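Novice: could you work out the structure for the sequence below:
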Amino acid sequence: MSFTSRGAILKKVGEPWVIEDIIWDEPRDDEVVVDIKYCGACRSDLHVKDGDYPLEFPILTGHEGTGIIERVGKNVTKVKPGDHIVMSWMPCCGHCKPCQEGKGHLCENGANLLEGQRADGSLRATLTDGTPLKQFLYLGAFATKIVTPQDGCISIDKSFDMRDIPIIGCRVPTGIGSVLNVAKAEHGCTGLVIGLGGVGFSVIEGLKLVGARQIICVDIVDNKEQWSKDFGGTHYINAAKQDVVEEVMKITHGLGVDYAFDCIGQVKVQKQCMESIGKGGTAVIVGVTPQQDMSVECNPLMMHLYERTLKGSMYGGANPFRQVEQILAMYKAGYVKLGELITKEYSLDQINEAYADMNAGKNICGLINMSL
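Specialist: Below is the predicted model:
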């Protein structure tokens, strides 16, 4: 048995997404069929298109999805038909060593994460000509329906608007968690946020949650200055026109910031973060660095003398199931913004336009609406 859906496929590195029919296997015992409603257009999918990950093509991308469970395999216990879900791109098995230690974001399921194959090496979908189709991060939510492991499905209350919360599956917990769980930022601190997409704005929200007194925001377009202030930023630097480190030192009177966050994934930005933190400061790598550029330039003597720290952040440093529940509670209480991060919606057929707008800095987050 099989069924068909429509999806946005990447067939070769550097080529645009193309919309085609996808033939899916029926779900296995631990898998589910999801009717996708919305999916965020995240930069990680653009990294796939640009060839920044060691992947084989064709591949179905998209990993910030909300949807409704349509049917389930016989051993599925975490969700049931009719449930509204947010998708986690790290399916937490619950029994490996990291999961047992409460670190589901580092689950051993990550071994097959990029291409999303099952443990036996099989795939869940093909193109209509029979070509096997990879499934980025076990999801591939740029499709109208998918088959995915139950371990990546987080059931949510049906009172939440599924349009507002897809990015809680990736960018929001990554950003907020990098502040709360990884940096462990303290009340009254100062922070630097470089790269104002969904992750960067979520870092701003995290810094605001801990009562940061200065939140210095950096991007390369002027239109993000007002958005950054709306979310709690206190200062704005246009990196295309100003020297980031020099401006940070002016703002902080030469002291540097307590915490700096690279929300892009560039070694140039990571260097700026290291040079912008003060004594006892922490720089956090949040954005994914392309595999072709894997070295970070820093001054070991200054790390030693100033007790500076460089840290990595994976999915905000916490089990995604736990983080999503916590952030939804804060959202319901009015402490964080979600829907406001989504600044434009697109149909599935407009996916290439969505990413062109991302590269042009026109959005905080673009959203693919499957009903358009």
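Novice: leaving aside the residues next to it on the chain, what's closest to residue 106?
Specialist: Nearest residue to residue 106, sequence neighbours excluded (C-beta to C-beta, 6 or more residues apart in numbering): residue 98, at 4.0 Å. To be clear about C-beta, it is placed using only N, CA and C from the backbone, and glycine gets the same treatment.
Novice: going by neighbour count, list what's buried in whichever helix or strand that neighbour is part of.
Specialist: Secondary structure from DSSP states H and E places residue 98 in helix 97-100. For helix 97-100, the neighbour count (16 or more other C-beta atoms under 10 Å) marks 98, 99 as buried.
Novice: likewise stretch 364-372?
Specialist: 364, 365, 366, 367, 368, 369, 370.
Novice: contacting residues around the last one?
Specialist: If you count contacts by C-beta atoms under 8 Å, 6 or more residues apart in numbering, residue 370 has them with 36, 37, 38, 39, 144, 348.
Novice: likewise the first one?
Specialist: If a contact means C-beta under 8 Å, 6+ apart, then residue 364 has 196, 197, 198, 201, 224, 227, 341, 342, 343 as its contacts.
Novice: between those, which sits nearest residue 29?
Specialist: residue 198 (34.4 Å; C-beta to C-beta).
Novice: now stretch 166-178, how far from the centre of its chain.
Specialist: 6 Å (C-alpha atoms, centre = their mean, to the nearest Å).
Novice: out of the contacts of residue 370, which comes closest to residue 317?
Specialist: residue 39 (24.1 Å).
Novice: count of residues packed around the closest one?
Specialist: Using other C-beta atoms under 10 Å, residue 39 is surrounded by 30 other residues.
Novice: check residue 81 too.
Specialist: Neighbour count of residue 81, defined by other C-beta under 10 Å: 12.
Novice: quick check, it in contact with residue 69.
Specialist: Yes - Residue 81 lies in contact with residue 69 (C-beta atoms under 8 Å); the separation is 5.4 Å.
Novice: show me what the lengthiest strand in the chain packs onto, helices and strands only.
Specialist: Ranked by number of residues, the top strand in the chain under DSSP state E is strand 31-41. Helices and strands touching strand 31-41, by 3 or more C-beta pairs under 8 Å, 6 or more residues apart in numbering; DSSP states H and E, are strand 65-72, strand 145-149, helix 351-359, strand 365-369.
Novice: most tightly surrounded among those?
Specialist: The highest average neighbour count among the helices and strands packed on strand 31-41, using mean count of other C-beta atoms under 10 Å, belongs to strand 145-149 at a mean of 25.
Novice: now the element after that strand, going C-ward?
Specialist: strand 153-156.
Novice: and that next one, which strands flank it?
Specialist: Applying DSSP bridges to the sheet, strand 153-156 is found paired with strand 84-87 (antiparallel).
Novice: just the CA atoms of the partner strand, as PDB, please.
Specialist: What follows is strand 84-87, C-alpha atoms only, in PDB (Å, rounded to 0.1, in the frame of the first residue of the first chain):
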ATOM      1  CA  HIS A  84      -2.400  18.500  16.500                       C
ATOM      2  CA  ILE A  85       1.400  18.400  16.500                       C
ATOM      3  CA  VAL A  86       4.500  20.400  16.300                       C
ATOM      4  CA  MET A  87       7.400  18.600  14.700                       C
END
